[in-house]
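>>> sequence first, predicted model second:
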Amino acid sequence: MTLRPLIAACILAATVVGSAAAQQLDRAVIAATAPLTDAQKSSLQSFATAHVRAIKEAQAGASLTEARMALVSPMRDPAATANFRKGMAQLLIAELGPVTKDADLRRAINAMQVLRFTRTPEALDVLVDRANPTAERDAGKRVSASGLLADAFEDLDANNAYIEAVARKLRDSSVAETDWVAMQQKLTAIANAARRADLNAESVRKVRLMQAEAIASIAKSMVGAKQSDARMQAVARVLVGIRNDLLSLKEADRLAIAKTLAPALVDILNTASAHWDAAHADPTMSATYSSSMNSAEVLLRLIDRNARPAAYSGSKPESDSRVVSPAWDAKDKAKFDAEAKRWAGIVAAPPYK
């Protein structure tokens, strides 16, 4: 089985969780409203031992899946409390944390999936480390960890300060990433962190700015090359979500992000110009660059209407007709470069500067 089908199969199987495994554990432990007692911790240890051993040692894929499901099931039980999950996290991080570093990709992915469902900051820290290319050289593990992070913020039990700290780490990790799928997942994870309903307005601004900063650094690193860059596939996908996110922000917050994002979007246009021949020579990359150009142009127009409303006073809807992406598709480099230069001049002046 190749790498990404393996990861996809493991993630899919993690969502198919029955109730039988949860019934092996005392319901009083799962629903504990106070920190676990020594007796409850002992019960938890007894429950987890065989399943943890299977993840560490089992040879058959079915045995690994069964062990993972058995451990995840009680944590996904509607009755499961934060006290219970914290107790599980303490146990599982000690036992499965080292497995996430294992050279065996299947075991590592199963261990990471189990840790994600503890919904604890301590477990998330393990995933953040495995998503970091500085700490983890295996791209398959980074892809898996990044995908789990993108999903984890929805139900993570953590405060605003922790969310900001993780977003900052993901920003830096995204910039250092070489695998475009892992990069996309990490940039998506930052966006998902900003969408948390319990995040205060100041934290939302900070986290969204971190995503913009990551994209700015990535765009700047791509622009100097002469060959098409696979990372543009991550950029193309992430920019689509950013448009919807910006529409949900107040104008002041949108402008604050635009001061970082707008220059990045110009760098993306300049990257396409620099990669013109190489990207057009590959149909897949040409379509990817076209998508990025379309999103970049739409975003520039969106934020510029907010930043310089007087410049659009009395303009007709057709004045928003796109130029960059049609020029890319028509392979009209002169027209493309002229429009990119126009946007560069706009962004180089107030209120962006």
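Nice, I can see it. Source: prediction; values computed, not measured. Residues are numbered from 1 along each chain as shown.

>>> okay, now residue 242: neighbour count?
22 (other Cβ atoms under 10 Å). Every residue, glycine included, has its C-beta placed from N, CA and C.

>>> buried ones in the helix or strand in which it is found?
Element membership for residue 242 (DSSP states H and E) is helix 232-247. Buried residues in helix 232-247, defined by neighbour count with 16 or more other Cβ atoms under 10 Å: 232-239, 241-242, 245-246.

>>> what do you get for stretch 93-111?
93, 95-97, 99-100, 102, 105-111.

>>> now it: mean pLDDT?
Averaged across stretch 93-111, pLDDT comes to 95.

>>> and the contacts of it?
Residues from elsewhere that reach stretch 93-111 (Cβ atoms under 8 Å, 6 or more residues apart in numbering): 3, 6-7, 10, 48, 52, 55-56, 61, 64-65, 67-68, 112, 114-115, 118, 122-123, 126-127, 130, 136, 138, 140-141, 144-145.

>>> thinking again about what came up before, for the buried residues of stretch 93-111, which one is nearest residue 285?
Checking these against residue 285 by Cβ to Cβ gives residue 105 as the nearest, at 27.6 Å.

>>> among the contacts of stretch 93-111, name the buried ones.
Among the contacts of stretch 93-111, those that count as buried by neighbour count (16+ other Cβ under 10 Å) are 6-7, 10, 48, 52, 55-56, 64-65, 67-68, 112, 114-115, 118, 123, 126-127, 130, 136, 138, 140-141, 144-145.

>>> just the ones in helices from those, please.
6-7, 10, 48, 52, 55-56, 64-65, 67-68, 112, 114-115, 123, 126-127, 130, 140-141, 144-145 (DSSP state H).

>>> in contact with residue 64, which residues?
54-55, 58, 106-107, 110.

>>> and it, how far from residue 24?
Distance, residue 64 to residue 24, by Cβ to Cβ, to the nearest Å: 18 Å.

>>> cool, and residue 62?
Computed as Cβ to Cβ, the residue 62 to residue 24 distance reads 18 Å.

>>> and these two? Which one has more around it.
Using other Cβ under 10 Å, the more surrounded residue of residue 62 and residue 24 is residue 24, with 13 against 8.

>>> what sits up against stretch 268-278?
Outside stretch 268-278, the residues that touch it by Cβ under 8 Å, 6+ apart are 219, 222-229, 232, 235, 279, 285, 289, 292-293, 296-297, 324, 328, 333, 336-337, 339-340, 343-344.

>>> got a quick ChimeraX command for the buried subset of the residues you listed?
Selection of the buried residues among these in ChimeraX, burial being defined by 16+ other Cβ under 10 Å:
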select :219,222,223,228,229,232,235,279,285,289,292,293,296,297,324,328,333,336,337,339,340,343
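
>>> looking at the contacts of stretch 268-278, which are in strands?
Applying DSSP state E to these, no entry is found in strands.

>>> quick one: stretch 151-167 to chain centroid distance?
In terms of Cα atoms, centre = their mean, to the nearest Å, the centre of stretch 151-167 is found 12 Å from the chain centre.

>>> pLDDT value on residue 65, please?
Among the per-residue scores, residue 65 shows a pLDDT of 93.

>>> what about it, distance to residue 71?
As judged by Cβ to Cβ, residue 65 and residue 71 stand 11 Å apart.

>>> and if you look at residue 184?
Noted for residue 184: a distance of 28 Å to residue 71, by Cβ to Cβ.

>>> equivalent analysis for residue 258, please.
Taking Cβ to Cβ, one finds residue 258 at 45 Å from residue 71.

>>> and these two? which has more neighbours close in?
When residue 258 and residue 71 are compared for neighbours, residue 71 comes out ahead with 29 against 24, by other Cβ under 10 Å.

>>> beyond the host helix or strand of that one, next helix or strand please.
Using DSSP H and E, residue 71 falls within helix 61-75. Where DSSP H and E defines the elements, the next helix or strand beyond helix 61-75 is helix 82-96.
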